[in-house]
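J.: The sequence isn't on hand, but the structure is:
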């Protein structure tokens, strides 16, 4: 029985392009983001991968990325579950702020701590630890059982919500996951054993 799980970070968004803290705000994809999503679909199609079920967040950029991927695969009608548990990390009071402007206002070191520490949240927002505490119970309750039952599952979400999943799947430390870069619109392909342990991982970013 194949136990396939594919994670995809959304394509470039309008706020990615403007270098803004996006969080739970809902900008659309850029033209580049659309192209990245279509390319992800083409890569999966070349690998002859098909899916039985999809999960995505409550935000447009992830939903649209998934839609474009499924169109490339000819699976537009794939059953899809949306849930805000898969939303990006909430950046709280710095949401919408340009990252360079934030550094000028709060200092390089403080912004770096907010962005790259595991358990220090920005004011009014979530740390990666808090994001994981939201994402992982949902994944373990709703997504993983579908994979273990033999369904081929694709999850289109966000840099930090996916980092929370990758940290668990690959058994990474907080330091290791913070160094893990996830390219926009780049699939990461996991195959699992019957206990949910990863037997192989392939990052199509190369």
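T.: Great, that's in hand. Model, not experiment: these values are computed from the prediction. Numbering: from 1, shown residues only.

J.: What residues of stretch 18-30 count as buried?
T.: 20-25, 27, 29-30 (16 or more other C-beta atoms under 10 Å). Every residue, glycine included, has its C-beta placed from N, CA and C.

J.: Stretch 2-20 now?
T.: By 16+ other C-beta under 10 Å, the buried positions in stretch 2-20 come out as 3-13, 15-16, 20.

J.: Sort out for me which of the residues you listed are in helices.
T.: 15-16 (DSSP state H).

J.: Counting neighbours, what do you get for residue 116?
T.: 12 (other C-beta atoms under 10 Å).

J.: And the strands in this structure, which stretches?
T.: 4-9, 53-56, 80-82, 153-157, 187-192, 198-203 (DSSP state E).

J.: Would you pull up how far the helix ranked longest in the chain lies from the middle of the chain?
T.: Assignment by DSSP H gives helix 31-46 as the longest helix of the chain. Using C-alpha atoms, centre = their mean, to the nearest Å, we find the averaged C-alpha position of helix 31-46 to lie 15 Å away from the chain's own average C-alpha position.

J.: same for that helix, what does it pack against?
T.: helix 60-73, strand 187-192 (3 or more C-beta pairs under 8 Å, 6 or more residues apart in numbering; DSSP states H and E).

J.: quick one, which of those is nearest to residue 130?
T.: Evaluated with C-beta to C-beta, the helices and strands packed on helix 31-46 place helix 60-73 nearest to residue 130, the distance being 19.2 Å.

J.: residue contacts, the closest residue to residue 33 other than its chain neighbours?
T.: With C-beta to C-beta, 6 or more residues apart in numbering as the criterion, residue 33 has its nearest non-adjacent residue at 3.1 Å, and that residue is residue 11. With contacts defined as C-beta atoms under 8 Å, 6 or more residues apart in numbering, residue 11 is in contact with 29-30, 32-37, 40, 61, 64-65, 68, 184-185.
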